[in-house]
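# Kindly return the folded structure for what I paste below:
(2 chains)
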Number of protein chains: 2
Amino acid sequence: MPDYKAPLRDMQFVINEVLESEKLHQTLSGYEEATEELMDAIVEEGAKFAENVLSPLNQSGDEEGCHWDDGVVTTPAGFPDAYQQYVENGWPALSASVESGGQGMPNLLSIVLSELTGTANWSWAMYPGLSLGAIETVQTHGDAEQKGKYLTHLVSGQWTGTMCLTESHCGSDLGLLRTKAEPQADGTYAISGTKIFISAGEHDMAENIVHIVLARLPDAPAGTKGISLFIVPKFKVNDDGSLGERNAVNCASIEKKMGIKASATCVLNFDGATGYLIGEPNRGLNCMFTFMNTARIGTAVQGLAHGQLSFQGALSYARERLAMRSLTGPKNEDGPADPIIVHPDVRRMLLTQKAFVEGSRALIYFLAQQGDIVDRGDEEAAKKADDLMGMLTPIGKAFVTETGFEVANHGVQIYGGHGFIREWGMEQIVRDARIAMLYEGTTGIQALDLLGRKVLGSGGQLLLEFTGLIDELCGGDVPPECVSLTETLQQYKGEWLDLSAKIGEAAMQNPDEAGGAAVDYLMYSGYITLAYFWARMAIVAQLKISGAGSDDDTQFYEAKLMTARFYYDRLLPRTAGHRETMLSGASNLMDMPEAMFDL
Amino acid sequence: MPDYKAPLRDMQFVINEVLESEKLHQTLSGYEEATEELMDAIVEEGAKFAENVLSPLNQSGDEEGCHWDDGVVTTPAGFPDAYQQYVENGWPALSASVESGGQGMPNLLSIVLSELTGTANWSWAMYPGLSLGAIETVQTHGDAEQKGKYLTHLVSGQWTGTMCLTESHCGSDLGLLRTKAEPQADGTYAISGTKIFISAGEHDMAENIVHIVLARLPDAPAGTKGISLFIVPKFKVNDDGSLGERNAVNCASIEKKMGIKASATCVLNFDGATGYLIGEPNRGLNCMFTFMNTARIGTAVQGLAHGQLSFQGALSYARERLAMRSLTGPKNEDGPADPIIVHPDVRRMLLTQKAFVEGSRALIYFLAQQGDIVDRGDEEAAKKADDLMGMLTPIGKAFVTETGFEVANHGVQIYGGHGFIREWGMEQIVRDARIAMLYEGTTGIQALDLLGRKVLGSGGQLLLEFTGLIDELCGGDVPPECVSLTETLQQYKGEWLDLSAKIGEAAMQNPDEAGGAAVDYLMYSGYITLAYFWARMAIVAQLKISGAGSDDDTQFYEAKLMTARFYYDRLLPRTAGHRETMLSGASNLMDMPEAMFDL
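The predicted structure is shown next:
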């Protein structure tokens, strides 16, 4: 397993130079203190924690996995201790609100922290990661008593949280869920049912776990409009805040999985557990929607994280491993062969990794920043940011995790046969990365959200909001060296708008046309979205080159420009296949009778 | 893990209707008995063995894995017994020559058998699979004594074989290998060195193992021209054929791997082990080349096998799992939701699986048949078949395993979160499939072979040999319903020739241009190659529809036509991205100084 070394220069490039966060924060009430200096310091501290404490537990965590014994889940050696340090350092509170005991830092920093911890050790990072949803739920929808009882402990990290949605017969289609909530005389509810795939549902890292549970009231309408939200603590909480008796929620088993083995994926049985209604009855799914974007961006980080780790491992191997001579003559004459980084195809894979990873970082940090504007910006800015998040979140979630999986596989490929061997750790990255295209809404679900709800559902407005940014960039101060990029980007933008109109027209006649085009549309849109961020980064880099303070800086900016060119030359053209595929229509999918699939 | 059910109808369609094997066999001396009836019977028997004996051991083999204890390797429960049955049924001898005790059946049947056993249980199939290389080596290059001592037992399956090539510092670049062979007074050689990644290098399934080892004689020239080939048996063989003393070759450990865990991947130490030179000194690599095509086609089967198994699992799940309603209205009104096969995106994934799997089957069986023509055809036919194999084998190996991995991942995706859980077996298919792009020459190595050695190395002749088949098909008896396919195919053929000429021209100036284009060129070529086989299958299907004997047959042929259309509409367009990427040239790969990759 490669030792993780945080790419601080690139992170700070995006935060400070591309997104100019300090300047923005001066305009967002409460974020004024988040200066470049403070942010750099926080990111550097986070990097140390990730590199020194979490990274060494990544491979051992995979080998050891979690263990279940009669309802008790034991995480791998070192996990609870690392969590304790994390809590003591105050990390869980980083971007929580000051009134709930948090440090009130921008969401952007929280996302950067999750990249740092998640790249070092994704399985470990799932435990504090799951708390974020619970915190947001209680903060947004809880009453004063609920906030008092649960929020402070969640924010401090003393307790962790979960989101209990999935049941064995329903994941994407939550309308089918069956868990029941019976009102009790004391105003609480008795929750009964079985939830599966509950990450961090049981563990030994914190003294209490606050489950947020979706369930149905007795008189609830069928489907998604009859789902309510409940707080179900593992240990009930006394009025003085101390822990009371054990609640009737038990971990029946944990799953054996392909990857993220150190993250406990639990089956939870609720046997008349005491639950507390949060928000309005039957409005549970709406409450969930309020932080769906955050959760999806959080999962997008996984594609970035696994991509980064795989790239680091592959690059160091490609510099050391000797095989064959360069086709243009020896580059390592004194050695028995050349390092494989001389070979064009190895470079193709490395640059594919680099271009997806750095492009995804820009997209994800941008999305996190939009979240901050939604929270703290003026009405107009918040509305625009919300539109951009609506448009770009499904792209971020699905495109970054799909390409992250590709990147992880390139890392294995660069190692050759050694990539398949556990010892090197490269195959673990592939196994860990695979889940990201499934949970928090599969790629197919994201694609329907993007094309159906966002683009077509807004009559194209959300798309235009983003292509407006493209126009702004391309019509702005573009150095001559970058004009070929922005001209290409403009062409793609036009094609994207045309294509969207065509698909929309076809979908009006037959909704299966949207369903049949959706995933290709998402991938197509993803390539153009990343092309926007690559053009934006290239322009910043080109403008900075003249003022670069050191040789190191100049080289950093030059590498950016070369990677941008690689992206435009060799990754962006993949749009062509997606475009033609979409335009072929849905009849080639729908005509075959179901019984003929296995003939 | 899905129960394997062999797709007999499709196998027989390719063997009998597309490739018209019986007719061909009448023209190949020694294969006259391989009639349709006999072949069908053999394939059906093989299917029973695979379904009933091997398939039930697939998931348990993965869970249990192999165990090493002080040099002794124990395979999972049931593996040795299944191998015993395989030997007793005479399967190892299927296509071995009659003079060495084989049944003398065409190589085509051997490939079909390896699909059957490999789909049911790839790890298990590795053990007999590795013997094939040893058999071919001894048969082609061994002297009479060596044949007498080793061949019969290998052919009967009483012993198994290995190929010992890789060392820890060299896999693709065998010129670097260090294992030594010291001549001894008795005419034998003392072999010393360590080989890694030796599949079936040690196990408990057969009483002896015949290692074919690459090593250097003391006076050997450096690099690939100084490699000789040796037989090193685990137990020495007495002159009367009985087993003698244990040889000095020991299994030092077995690898922990991502997948194919029930296949023992061994580190073998040769400590002055007794070896017998096979073939001429220093000509070892040339000897290996004689069956490199066979070995690579054998690995291509893995992409087909894992694809088939994943498709079967995904299809049955897509028919049963209920989630959401069809966008065009309920299809399962009495149920709580529709089966997910109604959703266009699920169909897109299933049809992608189906189109790659069935197209790959046609390509691989075609390649196996060309092998039979090389072996038994007249000189002109053999030359042409050899050219076609040279051209299509790297495509078969790399394209089929790359798309096989994609197919395996679609299978996981269709299961949603459940696909990530070990219990269902879908993730095992992904883990098992991952190795196929690495061993027996990575995708990158295949791509250099295709573009550098085959296409450019022949001055385009090998490519023209294959496009000649395309011309023949498109200029032949094409039913009107298939003309749109053949017209498209002809256009692609023209583009392929142009593109090859352009790349060739660029590579003349700078060999890195070939290296930089190679993998995209291979994938591009693969899509067109499969388009040829899809057009060929569609034409057969269309012509047969009028004479179809039963409704089932008509439906089978109609499904073929629909899948062909799907392939042309939705998979073939991926060529566009590969084409544009290649034409961007290699400077976007080569310009970045190595030190700038991690900036």
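
# Report the closest residue of the stretch 1-150 of chain A relative to chain B.
Per Cβ to the nearest Cβ, residue A:9 is where the stretch 1-150 of chain A lies closest to chain B, at 7.1 Å. Just so you know, the C-beta spots here come from the backbone N, C-alpha and C atoms, and that holds for glycine as well.

# where does the residue lying closest to that residue once chain neighbours are set aside land in three-state SS?
With sequence-adjacent residues excluded and distances taken as Cβ to Cβ, 6 or more residues apart in numbering or on different chains, residue A:9 is closest to residue A:556, at 6.1 Å. Of the three states, residue A:556 takes helix under DSSP: H, G, I helix; E, B strand; the rest coil.

# What of residue A:96?
On the basis of three-state DSSP, residue A:96 is classed as coil.

# Contacts only, for it.
The contact partners of residue A:96, by Cβ atoms under 8 Å, 6 or more residues apart in numbering or on different chains, come to A:102-104, A:135, A:139, A:155.

# Between these, which sits nearest residue A:27?
residue A:104 (15.9 Å; Cβ to Cβ).

# The worst-scoring helix or strand of chain A on mean pLDDT and chain B, are they touching?
Using mean pLDDT, DSSP states H and E, helix A:284-289 stands out as the lowest-scoring helix or strand of chain A, at a mean of 87. No: applying Cβ under 8 Å from any Cβ of the partner chain, one finds helix A:284-289 separated from chain B by no less than 14.2 Å.

# ok, then the element right after that helix?
helix A:292-320 (DSSP states H and E).

# buried sites along that following helix?
Across helix A:292-320, burial judged by 16 or more other Cβ atoms under 10 Å in any protein chain shown covers A:292-315, A:317-318.

# could you pick out which of those residues are near chain B?
Applying Cβ under 8 Å from any Cβ to the buried residues of helix A:292-320, those adjacent to chain B are A:312, A:315.

# Tell me where the model's unsure across chain A.
For chain A, applying pLDDT under 70 flags no range at all.

# For it, identify the residue most remote from the centre.
residue A:334 (45.4 Å; Cα atoms, centre = their mean).

# which residues sit in contact with that residue?
No contacts exist for residue A:334 under Cβ under 8 Å, 6+ apart.

# who's in contact with stretch A:549-567?
By Cβ under 8 Å, 6+ apart, stretch A:549-567 touches A:9, A:13, A:351, A:354-355, A:358-359, A:481, A:485, A:530-531, A:534-535, A:537-538, A:541-542, A:544-545, A:548, B:588-589, B:591-592, B:595-597, B:599.

# Next: stretch A:413-421.
Here stretch A:413-421 has contacts from A:313-314, A:317-318, A:321, A:340, A:346, A:349-350, A:411-412, A:424, A:426-427, B:166, B:171-172, B:197, B:255-259, B:434-435, B:437-439, B:442-444, using Cβ under 8 Å, 6+ apart.

# now that stretch: how far from the chain's centre is it?
26 Å (Cα atoms, centre = their mean, to the nearest Å).

# how far out from the middle of the chain is the helix or strand where the residue of the stretch 1-150 of chain A closest to chain B lies?
In this structure, residue A:9 sits in helix A:8-12 according to DSSP H and E. On the basis of Cα atoms, centre = their mean, helix A:8-12 sits 18 Å off its chain's mean C-alpha point.

# Can you verify my assumption that residue A:302 contacts residue A:119?
No: Residue A:302 is beyond contact range of residue A:119, at 9.4 Å (criterion: Cβ atoms under 8 Å).

# What parts of the stretch 351-500 of chain A come near chain B?
Counting by Cβ under 8 Å from any Cβ, the stretch 351-500 of chain A comes close to chain B at A:351, A:354, A:405, A:409, A:412-413, A:416-417, A:419-423, A:427, A:430-431, A:434-435, A:437-439, A:442-444, A:447-448.

# One more pass at 10 Å, please.
Listed as neighbours of chain B in the stretch 351-500 of chain A under the rule Cβ under 10 Å from any Cβ of the partner chain: A:351, A:353-354, A:405, A:409, A:412-423, A:426-428, A:430-431, A:434-435, A:437-445, A:447-448, A:452.

# Next, count neighbours for residue A:98.
Residue A:98 has 11 neighbours, counted by other Cβ atoms under 10 Å in any protein chain shown.

# can you tell me which residues contact it?
Residues near residue A:98 by Cβ atoms under 10 Å, 6 or more residues apart in numbering or on different chains: A:30, A:104-105.

# Same check on residue A:102?
Contact analysis of residue A:102 by Cβ under 10 Å, 6+ apart lists A:90, A:92-96, A:110, A:135, A:139, A:151-152, A:155-156.

# Find the nearest non-adjacent residue to it, please.
residue A:96 (2.6 Å).

# sorry, back to before: please pick the buried ones from the residues of the stretch 351-500 of chain A next to chain B.
By neighbour count, with 16+ other Cβ under 10 Å, those hold A:351, A:353-354, A:405, A:409, A:412-422, A:426-428, A:430-431, A:434-435, A:437-445, A:447-448, A:452 as buried.

# any chance you could read off phi and psi for residue A:268?
phi -110, psi 130 (degrees, to the nearest 10).

# now residue A:265
Dihedral angles for residue A:265 - degrees, to the nearest 10 - are phi -110, psi 110.

# The closest residue to it other than its chain neighbours: how many residues sit nearby?
Excluding the flanking residues, the one nearest residue A:265 by Cβ to Cβ, 6+ apart is residue A:255, at 4.3 Å. As a burial measure, residue A:255 scores 22 neighbours (other Cβ under 10 Å).

# Could you list the domains of chain A?
Using automatic domain parsing, the domain parsing of chain A gives A:8-289, A:291-441, A:457-587.

# Comparing the ones you listed, which comes out most buried?
Burial of those is given as mean neighbour count (mean count of other Cβ atoms under 10 Å in any protein chain shown); domain A:291-441 ranks first at a mean of 23.

# Those residues of the stretch 151-300 of chain A touching chain B, which are they?
Counting by Cβ under 10 Å from any Cβ, the residues of the stretch 151-300 of chain A near chain B are A:166, A:168-176, A:178, A:196-197, A:222-223, A:255-260, A:265.

# Would you state the helices of the stretch 251-400 of chain A in chain order?
All helices of the stretch 251-400 of chain A, identified by DSSP state H, counting those that start in this stretch, fall at A:284-289, A:292-320, A:344-376, A:379-414.

# if we can go back for a sec, rebuild the contacts of residue A:96 as CSV, extending it with secondary structure and distance to residue A:61.
Putting the contacts of residue A:96 into CSV (DSSP: H, G, I helix; E, B strand; the rest coil; distance: Cβ to Cβ, whole Å) gives the following:
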residue, secondary structure, distance to residue A:61
A:102, coil, 28
A:103, coil, 28
A:104, coil, 32
A:135, helix, 24
A:139, helix, 30
A:155, helix, 26
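
# closest to residue B:364 among the residues you listed?
residue A:135 (54.1 Å).

# Do I have it right that the closest one meets residue A:92?
Yes: if you go by Cβ atoms under 10 Å, residue A:135 and residue A:92 touch, sitting 8.6 Å apart.

# which residues touch residue A:251?
Counting by Cβ under 10 Å, 6+ apart, residue A:251 makes contact with A:68, A:70-73, A:198, A:201-203, A:209, A:234, A:264, A:266-269.

# Mind checking which of these land in strands?
If you go by DSSP state E, the contacts of residue A:251 have A:68, A:72-73, A:198, A:209, A:266-269 in strands.

# show me what contacts the closest residue to residue A:234 other than its chain neighbours?
Leaving aside its sequence neighbours, residue A:234 sits nearest to residue A:209 (Cβ to Cβ, 6+ apart; 4.2 Å). Residue A:209 sits next to A:127, A:130-131, A:134, A:154, A:159-162, A:198, A:200-203, A:232-235, A:247, A:249, A:251, A:266, A:268 when contact means Cβ under 10 Å, 6+ apart.
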